[in-house]
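Engineer: Provided below for reference: sequence and predicted model.
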Amino acid sequence: MTNSNLARAALAALIGAAMAASPARAEIKNYEFQLAQPTVQVGADRIVTVRLVDKITGKPVPDAVIFATRLDMAPEGMQEMVTKVMPMPASEPGSYRFKANFSMAGRWQLSLGAKVQGETGTVDNKLVVTAAK
């Protein structure tokens with residue numbers, strides 16, 4: 001091998017090693033919301049906490065932009081039974097809190113849409129929260 005061919009081969013090896021060592025980008029399907037507590041008490045101003053996690057690493061995902069929230073009784077066949085959802089300050093990175101009025105006992109569906117920093121696409125999840133007396 002000549003010096004120039006050897007240098008090119010070494011450069012190609014270095015580039016390959018650098019690419020292999022760099023972390024792979026996650027896909028938007030690798031993120032999901034999870035309920036911190038699946039049950040709340042019936043009543044006004046109840047707090048629901050969810051975590052946004054990377055399913056591959058299990059780590060929380062902070063600083064997501066949540067742009068869609070809906071809370072209804074779709075699991076009980078009452079999609080028209082909708083209540084207002086108010087975002088609240090989070091207590092830790094990767095946690096997202098919401099205040100809502102759970103006016104009756106039963107299963108409520110919390111629908112969330114979010115953008116994750118640096119990722120293309122939207123995280124969309126539907127979580128079932130049970131309101132108990």
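Structural biologist: Okay, I see it.

Engineer: for the rest of this, base every contact and every neighbour count on C-alpha atoms.
Structural biologist: Noted.

Engineer: count of residues packed around Val128?
Structural biologist: 20 (other CA atoms under 10 Å).

Engineer: who's in contact with it?
Structural biologist: Going by CA atoms under 8 Å, 6 or more residues apart in numbering, Val128 touches 38, 75, 107-110.

Engineer: other SSEs contacting the longest strand anywhere in the chain?
Structural biologist: Ranked by number of residues, the top strand in the chain under DSSP state E is strand 43-54. Applying 3 or more CA pairs under 8 Å, 6 or more residues apart in numbering; DSSP states H and E, one finds that strand 43-54 contacts strand 31-35, strand 39-41, strand 95-102.

Engineer: returning to what we had before: a markdown table for the contacts of Val128, including distance to Gly121?
Structural biologist: Below are the contacts of Val128 laid out as a markdown table (distance: CA to CA, whole Å):
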| residue | distance to Gly121 |
| --- | --- |
| Pro38 | 27 |
| Pro75 | 26 |
| Arg107 | 28 |
| Trp108 | 26 |
| Gln109 | 22 |
| Leu110 | 20 |
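
Engineer: need the max-distance pair from those residues.
Structural biologist: The most widely separated members of the contacts of Val128, counting by CA to CA, are Pro38 and Pro75 (13.9 Å).

Engineer: related to what we said a few turns ago, ChimeraX command for the buried members of the contacts of Val128?
Structural biologist: Only the buried entries of the contacts of Val128 go into this ChimeraX selection, using 16 or more other CA atoms under 10 Å:
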select :107,108,109,110
